[in-house]
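**Q** got a sequence here, can you model it:
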Amino acid sequence: MEKRSGYKKYNILKNNIEYYSLFILTLILSIIGLIMISSSSVSIGERYFSDPYWFIRRQIIWWVISFIAFFIASRINYHHYQRLSNYIMIVAIGLLALVLIPGFGIEVSGFRRALNLWFFSIQPSEFVKIALVIFFCDRLDRKYRIDKRIRSIILPSFLVLCIVAILIFLEPDLSSMIVIGLIIFIVLFAGEVRLKHLFGLGLMGTAVTIIYMFLENYRRERIFAFIERIVALINGSEEIGEINFQISQSLIALGSGNIIGVGLGNSVQKYSYLPEAHTDFIFAIIGEELGLVGTIFTVILFILFMFFGIRICMKTREYFGRIMAVGLISIVVIPAIINIAVVIGLAPVTGLTLPFISYGGSSLLVSMISVGILLNISRCTKRYEEVEAEPED
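**A** Model prediction:
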């Protein structure tokens, strides 16, 4: 029989365990987030808005929007982002600049981090993570891979990163900039940047971060509080000072949960004892209500997320797709590691949320888009494998 010419439909999802695994893990993590936000935000919603369901209703709306964006991102060929990398970066920088303009940026407690879009607000520092990953991966693919000299990174990649850093420092939002710096460092490492170049850029970024860290009193207090807590633990002292109140309440929540927890919805710490219980410290509420079982289960989900993400990277032979996948995984995994470390007292308080789980529309949307693009990389990789495996006539 004569073989039909024209379009051939490839079953690109067949035997693609990474695709389905990441999808299921993302779905489970986001549902856990909805459940825990529903539980942990009741008290603060009642206190500030006379509505115990104020936060969960908004998070459900963001959840729906994020899943729509997730499916769209999973269908768009990731190579399109490379062609539009400059425009995406310009838009991201423009949004960061708008935050600093009165009337556009929302100021809370002296911080101007959210952009007022009338019906809702977003945090541009979240979206700039994806923009920088795309931009750096494009520069590495087009420039550094061909000309392995430091100027191939400095111009214009590092200059763009400096502009972003200045805008974020003016908000100020040191935590987001630290995460961005770590993400870019991992992308450069995955992109096979020479160690001497990587070391030089990393040393410069670390020096600037440390200097900026000690410019404000509240940041210095957090660092000294963390050191004080470590010293107290080493000396066996229970006096950790008032500045460590938040961490102390977080550890009380985790300890109260024991093995199986006090039961979903039965947290005591969420009633004004633990600040930011529905955002930065939601992992502590998981520990209190679902116990050690709940916290270990959550950590395992993030470990599996990283594992299957790395499998996608290893299967992607194309340079741009491989390093972009590394960056997208880092957008989710790095904040998760830092957040959990803060909650259990192994890092200073940063203000970072737990991806997929903490309350926050911008964080959820960016995490979902990142996974969507990652799944598209997996789809395209599978398609190329099937095309190459097809026997020639």
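**Q** where does pLDDT dip in the stretch 251-393 of the chain?
**A** For the stretch 251-393 of the chain, residues meeting the criterion pLDDT under 70 lie at 382-393.
**Q** start and end of stretch 262-272, how far apart?
**A** One end of stretch 262-272 sits 18 Å from the other (Cα to Cα, to the nearest Å).
**Q** list of residues touching that stretch?
**A** For stretch 262-272, contacts defined as Cβ atoms under 8 Å, 6 or more residues apart in numbering pick out 35, 39-44, 47, 249-250, 252-253, 256, 277-278, 284-285, 288-291. Quick note: C-beta positions are derived from backbone N, CA and C, even for glycine.
**Q** next: stretch 166-176.
**A** Applying Cβ under 8 Å, 6+ apart, the set of residues contacting stretch 166-176 is 93, 96-97, 99-100, 111-113, 125-126, 128, 177, 180, 209, 212-213, 216, 219, 338, 350-352.
**Q** repeat the analysis, applying 7 Å as the threshold.
**A** Applying Cβ atoms under 7 Å, 6 or more residues apart in numbering, the external contacts of stretch 166-176 come out as 96-97, 99-100, 111-113, 125, 177, 212-213, 219, 350-352.
**Q** check stretch 49-57 too.
**A** Under Cβ under 7 Å, 6+ apart, the answer for stretch 49-57 is 37-38, 41-42, 45-46, 278, 359.
**Q** now it: buried residues?
**A** Residues 54-56 are the ones in stretch 49-57 that count as buried (16 or more other Cβ atoms under 10 Å).
**Q** in CSV, list the C-alpha atoms belonging to the longest strand along the chain.
**A** Longest strand in the chain by number of residues (criterion: DSSP state E): strand 111-116. The C-alpha trace of strand 111-116 is given here as CSV (Å, rounded to 0.1, in the frame of the first residue of the first chain):
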residue,chain,number,x,y,z
PHE,A,111,7.3,48.7,50.4
ARG,A,112,6.2,49.3,46.8
ARG,A,113,6.1,45.8,45.2
ALA,A,114,2.7,45.4,43.6
LEU,A,115,1.3,47.0,40.5
ASN,A,116,-2.3,48.2,40.7
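**Q** what helices and strands are in contact with it?
**A** helix 85-99, strand 105-108, strand 121-122 (3 or more Cβ pairs under 7 Å, 6 or more residues apart in numbering; DSSP states H and E).
**Q** among the ones you listed, which gets the worst mean confidence?
**A** Mean pLDDT per stretch puts strand 105-108 lowest among those, at a mean of 74.
**Q** who are the packing partners of the longest helix seen in the chain?
**A** Counting by DSSP state H, the longest helix found in the chain is helix 282-315. Applying 3+ Cβ pairs under 7 Å, 6+ apart, one finds that helix 282-315 contacts helix 17-40, helix 245-257, helix 319-343, helix 361-389.
**Q** packed most tightly, which of these would that be?
**A** helix 319-343 (a mean of 23; mean count of other Cβ atoms under 10 Å).
**Q** roughly how far is it from the heart of the chain?
**A** Taking Cα atoms, centre = their mean, to the nearest Å, one finds helix 319-343 lying 6 Å from the centre of the chain it belongs to.
**Q** what angle do it and helix 17-40 make?
**A** Helix 319-343 runs at 30 degrees relative to helix 17-40, counting by axes from the mean of the first three to the mean of the last three Cα atoms, to 10 degrees.
**Q** and helix 319-343, what does it pack onto?
**A** helix 124-139, helix 174-190, helix 282-315, helix 361-389.
**Q** can you redo those as JSON lines with distance to Ala225?
**A** Output for the helices and strands packed on helix 319-343, formatted as JSON lines (distance: least, Cβ to Cβ, whole Å):
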{"stretch": "helix 124-139", "distance to Ala225": "24"}
{"stretch": "helix 174-190", "distance to Ala225": "15"}
{"stretch": "helix 282-315", "distance to Ala225": "17"}
{"stretch": "helix 361-389", "distance to Ala225": "25"}
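**Q** just the pLDDT at Lys196, thanks.
**A** Per-residue pLDDT puts Lys196 at 84.
**Q** count the neighbours of it for me.
**A** Counted with other Cβ atoms under 10 Å, the neighbours of Lys196 add up to 9.
**Q** same thing with Tyr48?
**A** Neighbour number of Tyr48 under other Cβ under 10 Å is 10.
**Q** and the strand or helix carrying it, average pLDDT?
**A** Using DSSP states H and E, Tyr48 falls within helix 42-49. Helix 42-49 carries an average pLDDT of 87.
**Q** buried residues, the longest strand of the chain. List them.
**A** Neighbour-count burial for strand 111-116 flags 112-115 (criterion: 16+ other Cβ under 10 Å).
**Q** and for Leu203, the neighbour number?
**A** Neighbourhood size, Leu203 [other Cβ under 10 Å]: 10.
**Q** show me which residues of the helix or strand where it lies are buried.
**A** In the assignment (DSSP H and E), Leu203 maps to helix 195-213. The neighbour-count check on helix 195-213 (16+ other Cβ under 10 Å) flags 197-198, 201-202, 205 as buried.
**Q** now stretch 140-147
**A** In stretch 140-147, counting by 16+ other Cβ under 10 Å, buried: 140-141, 143-145.
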